[in-house]
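Enquirer: dropping the sequence and predicted coords here.
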Amino acid sequence: MRDCIVIIGPTASGKTELSISLASKIGGEIISADSRQIYIGMDIGTAKPTREQQSKITHHLLDVITPDKNYSAKEFVISAMKAVVEIKGRKKIPIIVGGTGLYIRALFEGIFDHPPIPKGVRKALIQELKKKGIGYLYKRLEEVDELSAKRISPNDKQRIIRALEVYKFTGKPISELQKESKISPLNPLYIGIYMPRDILRERIEKRVKKMFETGFMEEVKALLNKGYGIDSPGFFSIGYREACEIIQGNLSMEEGIKKIIKSTIQYAKRQMTWFRRISGVYWVSKK
């Protein structure tokens, strides 16, 4: 018996709208599986459900931490499982919605445990990062763990270092260890949103332009004024670092928008690579 619904799909494909419509019809509550929407104060750039949308349906795991904090897949699984239990206790249906494949995989395929990794291992990798750059570390990851490299963005410093430190300490690729993880007790019904590339590209372009029209730059400036900076974990979300470059004068507004659109399109492709590996997905075409 299915005990929860999972809505997956690339960014800008309409997951939020579908989840709210479905939740209102079947008596559901929504659990966000988005690694960017967990950050407080990062609303416009992450396309977080609006206050009006949140007032219609109860949402979980939005606005969890400040942008200067890290949030692991393990922390997500613990919080998401707690939310599932609470929702089912209210005789409601958990609807898990998001585009972060790592979170979805960790929740339903399990996460692996390993002995604590000495701090010196990470410290050495960070020193290499400073001396040789993220491109060098990413190439190393491709050499020792090709599968993880395909799943991780070449610019995602946190996850690249994480995968390398696990390999360096255990001698095994993190992707191999993840296969040995414990399986979740949940039995999900997957609904995936498929959209032709040209239409998805058009939707992404519209979303990014709307971000800037509705106060995205003001949002970024407010975060900077609170003391969060370009090296804060939250600022690794697409758009925020580019906005900082615009503020610093390193990019024009037009260049920044084009860069964000390009990065978002690339991210959408990586998301679909993740989701196509999931078996038993009921795909719905959206035009």
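Expert: That came in fine, so what should we check first? Residues are numbered from 1 along each chain as shown.
Enquirer: quick one, phi psi at residue 4?
Expert: phi -160, psi 160 (degrees, to the nearest 10).
Enquirer: for it, give me its contacts.
Expert: The neighbours of residue 4, taking Cβ atoms under 8 Å, 6 or more residues apart in numbering as the test, are 84, 93-96, 186-189. C-beta here means a position set from N, CA and C on the backbone, and glycine is covered the same way.
Enquirer: could you flag which of the residues you listed are buried?
Expert: Among the contacts of residue 4, those buried by neighbour count (16 or more other Cβ atoms under 10 Å) are 84, 93-96, 186, 188.
Enquirer: using pLDDT, spot the least trustworthy of these.
Expert: Lowest in pLDDT among those is residue 186, which has 80.
Enquirer: surely it and residue 83 touch.
Expert: No: with contact defined as Cβ atoms under 8 Å, residue 186 does not count as touching residue 83 (11.8 Å).
Enquirer: on that earlier part again, Throw the buried ones among the contacts of residue 4 into CSV and include distance to residue 11 and secondary structure, thanks.
Expert: What follows is the buried ones among the contacts of residue 4, written out as CSV (distance: Cβ to Cβ, whole Å; DSSP: H, G, I helix; E, B strand; the rest coil):
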residue, distance to residue 11, secondary structure
84, 24, helix
93, 24, strand
94, 22, strand
95, 18, strand
96, 16, strand
186, 24, coil
188, 21, strand
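Enquirer: can you lay out those as TSV showing distance to residue 211?
Expert: Putting these into TSV (distance: Cβ to Cβ, whole Å) gives the following:
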residue	distance to residue 211
84	31
93	31
94	29
95	25
96	25
186	34
188	31
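Enquirer: so which of these comes closest to residue 123?
Expert: residue 96 (35.7 Å; Cβ to Cβ).
Enquirer: okay, and the beta partners of the closest one?
Expert: Listed beta-bridge partners, residue 96: residue 6, residue 31 (assigned using DSSP bridges).
Enquirer: on that earlier part again, just flag the most distant two among the contacts of residue 4.
Expert: It's 95 and 187 that sit farthest apart of the contacts of residue 4, by Cβ to Cβ, at 14.4 Å.
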